[in-house]
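Novice: Mind looking at a prediction? Sequence and model below.
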Amino acid sequence: MKQELAISLYARDILSFGKARSLAELSTREFQELLREREIPRHYTETELAGDLEYAR
């Protein structure tokens, strides 16, 4: 039930990935897989990309 709620709220852009993952009580990898199975695209902004690139450096 928590996973369904988390997916629904994430798909409607009400919860961030991290908050939805936490609500679903899944690891990052597990939640990504669940989104992939449901064909729900990951919300990934330019700000997140910039942060990831900075972290990688």
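Specialist: Cool, the structure landed.

Novice: switch to C-alpha atoms for all contacts and neighbour counts from now on
Specialist: Noted.

Novice: How about the contacts made by residue 40?
Specialist: residue 11 (C-alpha atoms under 8 Å, 6 or more residues apart in numbering).

Novice: no, scratch that, I was asking about residue 22
Specialist: Residue 22 touches nothing, counting by C-alpha under 8 Å, 6+ apart.

Novice: Can you give me the separation between it and residue 39?
Specialist: Look at residue 22 and residue 39: by C-alpha to C-alpha, to the nearest Å, they are 20 Å apart.

Novice: cool, and residue 4?
Specialist: Residue 4 is 14 Å from residue 39, by C-alpha to C-alpha.

Novice: Neighbour count: the two, which is higher?
Specialist: Set residue 4 next to residue 39 and count neighbours by other C-alpha atoms under 10 Å: residue 4 wins out with 13 against 9.

Novice: Not counting sequence-adjacent ones, nearest residue to the residue nearest the centre of the chain?
Specialist: Nearest to the mean C-alpha position of the chain, by C-alpha atoms, centre = their mean, lies residue 17 at 2.8 Å. The shortest distance from residue 17 to any non-neighbouring residue, by C-alpha to C-alpha, 6 or more residues apart in numbering, is to residue 10 (6.6 Å).
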